[in-house]
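Asker: Provide a 3D model corresponding to the input given below.
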Amino acid sequence: MTIPRKEAGYRLVSERIHDYAEVEQTLNREDRKQQVSRCMDCGVPFCHWACPLGNKMPEWQDYIYRGDWKRGVEVLHETNNFPEFTGRICPAPCEKSCVLALHDAPVTIRENEASVTEVAFMEGMIKARPPKHRTGKKVAIIGSGPAGLAVAQQLNSKGHYVTVFEKDNKPGGLLRYGIPNFKLGKYIIDRRLKLLMEEGIEFVTNTEIGRDIPGSQIMIEYDAVCLAVGAGKPRDIAIEGRELKGIYFAMDFLSQEIRIIQGEEEVSKERISAKDKDVLVIGGGDTGSDCVGTSIRQGAKSVTQIEIMPQPPLGKNPTTPWPHPFPQILKTSSSHEEGCSRRWLMNTLSFKGENGSVKEVISEMVRWEKDANNRFTMVSSGHQEVLKADLVLLALGFVHPVHEGLLNELGVTYDVRGNVAIDKQHSSSVPKVFAAGDAMMGASLVVKAIASGRKVAEDIHRKLM
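Answerer: Reported below is the predicted structural model:
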């Protein structure tokens, strides 16, 4: 009631658009202690209910307020393997459900989480904890994204021998190759990976199971196999002109830039560059926002982002009231603030080009109406618009994991959405093969992937023992 919400905020736009350093700033310790003191230890902690990991917000924030940062980070680690990741890139459903959100000033839980973890790392509070005993059981984790890393750490802590296979140069999955450096610095991932290796987890990179090593060989050598391959099949758009040059999937664009920054790919190679181009991002989600920020840093002439759904309301939405953890309200990211035109209710009809390269995008305005079954259907307004575009980035999400290769070789069955079908114990249709994260639930959030990994690890451990 007496201390207002205070956010760390972002670096100046004029400064940050010229580099790939993290845009978010940090508060000093005294400011941070004041912010955690705003947590009221409510009778019903809706923040805890809203968090996919079940983080104990009132408990660990109270420890920070009392100056016991070590105990605070220990309580945080009881439910969250990687608070340094979620403290940066989680959409913070906990804050949406905070009681103070009723007054539009929830506790800065996400920033507090990142802050306590950074203090703990700087002061050596977070250390490797290898298991004292080994069970002799061997587990293979296919994929090193947040779900795979969570499975690996949980099973390793229980004494199993864990090997994580990654097809890319370095572990991290979409944490490394999908999320831009200005949102998540890669040293954050490397710092955690160093601890995981010290705990005894083995990482095998540049190795695609199903191509470099047959899935059948993995099945023979390991007592359990966990598929944490993510949902890598991007949603495409089948319209006239799709074959033109200059139209790319968002993840191809983002991952290439990250590889160049990391020195993994030559700048001289065929590059997807936004420099001096009119860029059109199709898709209004977080991936689209990342494309906006990256395009601006590459020197785009203009950036436009279009979305087929209506513009959500600002601040509050009566259809998703408090304490809904994912309210449908307008979200403005740091990338949007850097210079971007945003449009809603626009459906892409065709691409037009010159000399084989895209130059224009034909779109139409649409509206959404309820049909006889009370379901919303898209209706054309008949009004078309031509948008200039030298570079088109498709940020339309992902449909399911890639079936070709490992999954088809193992013979796992798929659900109606094309994800790996699992039972209540996260087992696939193939004995001793489990699935975690986006591979079994479809493209989702990092915080949900970590939560999934923890649950799957428990089921694998029970099965092994």
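
Asker: quick one, strands of the stretch 1-150 of the chain?
Answerer: All strands of the stretch 1-150 of the chain, identified by DSSP state E, counting those that start in this stretch, fall at 138-142.

Asker: point out where it drops to low pLDDT.
Answerer: Counting by pLDDT under 70, the stretch 1-150 of the chain contains no low-confidence range.

Asker: how about the helices of it, start to end?
Answerer: Secondary structure of the stretch 1-150 of the chain by DSSP state H, counting those that start in this stretch: the helices cover 13-16, 29-36, 46-50, 57-65, 69-79, 83-89, 93-96, 109-122, 146-157.

Asker: mind giving me the packing neighbours of the fourth one?
Answerer: If you count contacts as 3 or more CB pairs under 8 Å, 6 or more residues apart in numbering; DSSP states H and E, helix 57-65 packs onto helix 29-36, helix 46-50, helix 69-79, helix 109-122. Every residue, glycine included, has its C-beta placed from N, CA and C.

Asker: list the buried ones in the last one?
Answerer: Residues 109-121 are the ones in helix 109-122 that count as buried (16 or more other CB atoms under 10 Å).

Asker: one more: the third one?
Answerer: With burial defined by 16+ other CB under 10 Å, the residues of helix 69-79 counted as buried are 69, 71-73, 75-77, 79.

Asker: mind naming the longest helix for the protein?
Answerer: helix 446-464 (DSSP state H).

Asker: picking up where we left off before, which one of the helices and strands packed on helix 57-65 lies nearest to His461?
Answerer: With distances scored as CB to CB, the stretch of the helices and strands packed on helix 57-65 nearest to His461 is helix 69-79 (17.0 Å).

Asker: which neighbouring elements make contact with that closest one?
Answerer: Helix 69-79 is packed against helix 57-65, helix 83-89, helix 109-122, with contacts defined by 3+ CB pairs under 8 Å, 6+ apart.

Asker: how about those in CSV, adding distance to Ile201?
Answerer: As requested, the helices and strands packed on helix 69-79 are arranged in CSV below (distance: least, CB to CB, whole Å):
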stretch, distance to Ile201
helix 57-65, 25
helix 83-89, 17
helix 109-122, 19
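
Asker: of all those, which lies closest to Glu221?
Answerer: Nearest to Glu221, of all the helices and strands packed on helix 69-79, is helix 83-89, at 30.1 Å by CB to CB.

Asker: now do the closest one: which elements does it pack against?
Answerer: Partner elements for helix 83-89 (3+ CB pairs under 8 Å, 6+ apart): helix 69-79, helix 109-122, helix 186-198, helix 446-464.

Asker: so which of the helices and strands packed on helix 69-79 comes closest to Tyr248?
Answerer: Closest among the helices and strands packed on helix 69-79, once you apply CB to CB, is helix 83-89, at 22.8 Å.

Asker: if we can go back for a sec, in a markdown table: the helices and strands packed on helix 57-65, plus distance to Thr163.
Answerer: Formatted as a markdown table, the helices and strands packed on helix 57-65 follow (distance: least, CB to CB, whole Å):
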| stretch | distance to Thr163 |
| --- | --- |
| helix 29-36 | 39 |
| helix 46-50 | 34 |
| helix 69-79 | 23 |
| helix 109-122 | 26 |
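
Asker: what about these, which gets the closest to His324?
Answerer: Checking the helices and strands packed on helix 57-65 against His324 by CB to CB gives helix 46-50 as the closest, at 8.4 Å.

Asker: quick check: domain ranges of the protein?
Answerer: For the chain, the structural domains run 13-122, 138-232+399-464, 236-396, going by automatic domain parsing.

Asker: can I get the ones you listed in JSON lines including distance to Ile3?
Answerer: As requested, those are arranged in JSON lines below (distance: least, CB to CB, whole Å):
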{"stretch": "domain 13-122", "distance to Ile3": "5"}
{"stretch": "domain 138-232+399-464", "distance to Ile3": "27"}
{"stretch": "domain 236-396", "distance to Ile3": "21"}
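
Asker: in which helix or strand would I find Gln256?
Answerer: Using DSSP states H and E, Gln256 falls within helix 250-261.

Asker: so which residues make contact with that helix?
Answerer: With contact meaning CB atoms under 8 Å, 6 or more residues apart in numbering, helix 250-261 is reached by 20, 169, 176-178, 180-181, 186, 234, 265-267, 271-272, 281, 283, 287-288, 290-291, 294, 298, 393-396.

Asker: quick check: what element follows that helix along the chain?
Answerer: Using DSSP H and E, the next helix or strand after helix 250-261 towards the C-terminus is strand 278-282.

Asker: with just CA atoms, put the very next helix or strand once past that following strand into PDB.
Answerer: Sequence-wise, the next helix or strand downstream of strand 278-282 (DSSP H and E) is helix 286-298. Provided in PDB are the C-alpha atoms of helix 286-298 (Å, rounded to 0.1, in the frame of the first residue of the first chain):
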ATOM      1  CA  ASP A 286       6.500 -13.700 -29.400                       C
ATOM      2  CA  THR A 287       8.400 -15.200 -32.300                       C
ATOM      3  CA  GLY A 288       7.100 -12.500 -34.600                       C
ATOM      4  CA  SER A 289       8.200  -9.900 -32.000                       C
ATOM      5  CA  ASP A 290      11.700 -11.400 -32.000                       C
ATOM      6  CA  CYS A 291      11.800 -11.100 -35.800                       C
ATOM      7  CA  VAL A 292      10.900  -7.400 -35.400                       C
ATOM      8  CA  GLY A 293      13.700  -6.700 -33.000                       C
ATOM      9  CA  THR A 294      16.300  -8.700 -35.000                       C
ATOM     10  CA  SER A 295      15.200  -6.900 -38.300                       C
ATOM     11  CA  ILE A 296      15.600  -3.500 -36.600                       C
ATOM     12  CA  ARG A 297      19.100  -4.400 -35.500                       C
ATOM     13  CA  GLN A 298      20.000  -5.600 -39.000                       C
END
